[in-house]
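Chemist: this is a predicted model, with the sequence first.
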Amino acid sequence: MKLEVLTLPVSDVDRAKRFYESLGWRLDADFITGEDFRVVQLTPPNSECSIIIGTGITSAVPGSVQGLHLVVFDIEAARAELVDRGVEVSEVFHDIGGIFHHAGTEGRVSGPDPKRRDYASFASFSDPDGNGWVLQEVKTRAPGRVWNSTPARDIDVATLANLLGETAEHHDHYEKTHAEHHWSDWYAPYLSARQNGSSSEEAAIAADRYMEEAFPVLSR
């Protein structure tokens with residue numbers, strides 16, 4: 001069972017659609033059946049979970065959904081990207097009481113977690129109706145937080161070609177900073193991580209870690 005869709009209540013479908021597209025989210029569908037039923041599906045970059053907004057799809061009050069989390073690799077870079085896209089985002093904060101944050105704005109302490117622990121640094125923003133989102137920084141998943149049995153997704157030739165190009169770009173830095181090695185040894189863990197849902201930054205870390213463990217003599 002995979003969580004793949006969340007329904008958000010909005011008052012103006014076109015306004016909400018424009019907002020989420022402005023974040024760089026992929027538009028998957030926009031179906032209209034009469035005046036009282038419309039389904040719009042959008043998906044955040046690299047996410048397997050989408051949102052649905054529309055007309056006649058939920059009885060919830062517009063703007064009533066809070067605490068939706070978008071996990072990012074670099075909280076400050078992610079916040080800066082949203083600001084560049086014209087989104088009003090809170091400052092980066094951590095919680096006064098520990099890892100997770102309180103409801104609303106209670107207990108927020110300015111700046112990222114002092115120890116930069118995973119799951120402990122946040123920033124927040126809302127859509128035009130007030131549905132609330134939280135950015136959460138995670139660089140390395142806690143033990144047990146990854147489904148080891150997750151199969152690699154099917155991939156078409158064009159997508160694979162783009163992914164190979166991306167892998168080559170990320171391998172370039174490793175190649176310039178390490179001794180001679182076979183490119184396929186680095187490509188394999190990178191591609192595996194990307195096909196199983198990791199971001200490009202997470203995949204590069206996974207590939208570097210694999211090389212350090214398998215071929216420690218390569219480090220300069």
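Modeler: Here it is on my side, so go on. Here the structure is a predicted model, which is why all the values come from computation and not from measurement.
Chemist: give me the secondary structure label for residue 9.
Modeler: coil (DSSP: H, G, I helix; E, B strand; the rest coil).
Chemist: so it touches residue 56, yeah?
Modeler: No. The pair residue 9 / residue 56 is not scored as a contact, 11.3 Å apart, by CB atoms under 8 Å. Any C-beta I mention is one placed from the backbone N, CA and C, and that applies to glycine too.
Chemist: which neighbours do those two share?
Modeler: Both residue 9 and residue 56 lack any common contact, where contact means CB atoms under 8 Å, 6 or more residues apart in numbering.
Chemist: ok, the two, which is more surrounded?
Modeler: Applying other CB atoms under 10 Å to residue 9 and residue 56 shows that residue 9 carries more neighbours, namely 19 against 12.
Chemist: let's see the pLDDT reported for the residue lying closest to the more buried one once chain neighbours are set aside.
Modeler: Counting by CB to CB, 6 or more residues apart in numbering, residue 9 lies nearest to residue 60, which is 4.0 Å off, once chain neighbours are set aside. Listed pLDDT for residue 60 reads 97.
Chemist: and residue 60, how far from residue 155?
Modeler: Computed as CB to CB, to the nearest Å, the residue 60 to residue 155 distance reads 36 Å.
Chemist: cool, residue 6 as well?
Modeler: Applying CB to CB, the value for residue 6 to residue 155 is 25 Å.
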